[in-house]
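J.: This is a predicted model, with the sequence first.
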Amino acid sequence: MLCTHCKHHSCRQLESCGAEAFDREVVRKEYQDPAIQSAVQTAAQLVDNGRAGTLNRLQEIIEFARGSDYQKIGLAYCYGMEADARKVTELMRQSGFKVEAVSCTTGAIAQDEINTASSIHNVSCNPLGQAAQLQSTSPDLVVMMGLCMGHDILFQQKLRIPMTTLVVKDRPNSHNPLLGIRDLYEQQVGLTLPR
């Protein structure tokens, strides 16, 4: 399936293209689960009736958490974003949530202890420890903020709690990966895109 190259987009007209590898009836039934319905309905409140595009990502997270009756938010952040993580923590607390904020360097483990191919004996990011620490505090939702590529994958694999991303790390583009996609597209395809 390569939806990005589809010319018909029949799925947007409630007509299956027939290329799905999943059973549509099974998926329809899965959506009837009360826990899934709760998430679907809360998400819909953020985008339906003209609300799409009216809230920034942090506002959406806060409203989704409120609509889900979440009380405790876990914040997993990169130590390089600590000043911004502090602001997010304060904004979430002012919005009525208890916040557990855990840095990627939690546990103070050296790189050569985490990476068997490394001889660097400085503090390392510790996504497995970060996930374990947050898991131990039993948050209702975990928000990820700027974890390094690869570390974010390990963190998500270890975490068994609902999770979303607030910031994706992209240092050259001020953490806006869409700018990098645009630049690469222009360089490799040779087309200038409107700004």
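T.: Received, thanks.
J.: And the residue lying closest to residue 60 once chain neighbours are set aside, how close does it get to residue 56?
T.: The shortest distance from residue 60 to any non-neighbouring residue, by C-beta to C-beta, 6 or more residues apart in numbering, is to residue 46 (5.3 Å). From N, CA and C alone the C-beta is placed, and that goes for glycine too. Using C-beta to C-beta, to the nearest Å, residue 46 is found at 11 Å from residue 56.
J.: try residue 44
T.: Distance from residue 44 to residue 56, by C-beta to C-beta: 18 Å.
J.: Kindly tell me how buried residue 106 is, as a neighbour count.
T.: Other residues near residue 106 come to 18 when the count uses other C-beta atoms under 10 Å.
J.: and it, what is it in contact with?
T.: For residue 106, the contact set (C-beta atoms under 8 Å, 6 or more residues apart in numbering) comprises 126, 129, 130, 133.
J.: Check whether it sits in a helix, strand or coil.
T.: When states are read from DSSP: H, G, I helix; E, B strand; the rest coil, the local structure at residue 106 comes out as coil.
J.: where are the low-confidence patches of this protein?
T.: In the predicted model, the chain carries pLDDT under 70 at residues 193-195.
J.: Which strand or helix spans the residue nearest to the spatial centre of it?
T.: In the chain, the C-alpha nearest the mean C-alpha coordinate belongs to residue 165, at 2.1 Å (C-alpha atoms, centre = their mean). For residue 165, the host element (DSSP states H and E) is strand 163-167.
J.: Now do that strand: which elements does it pack against?
T.: Under the contact definition 3 or more C-beta pairs under 8 Å, 6 or more residues apart in numbering; DSSP states H and E, strand 163-167 sits against helix 57-67, strand 141-145.
J.: 6 Å instead, please
T.: strand 141-145 (3 or more C-beta pairs under 6 Å, 6 or more residues apart in numbering; DSSP states H and E).
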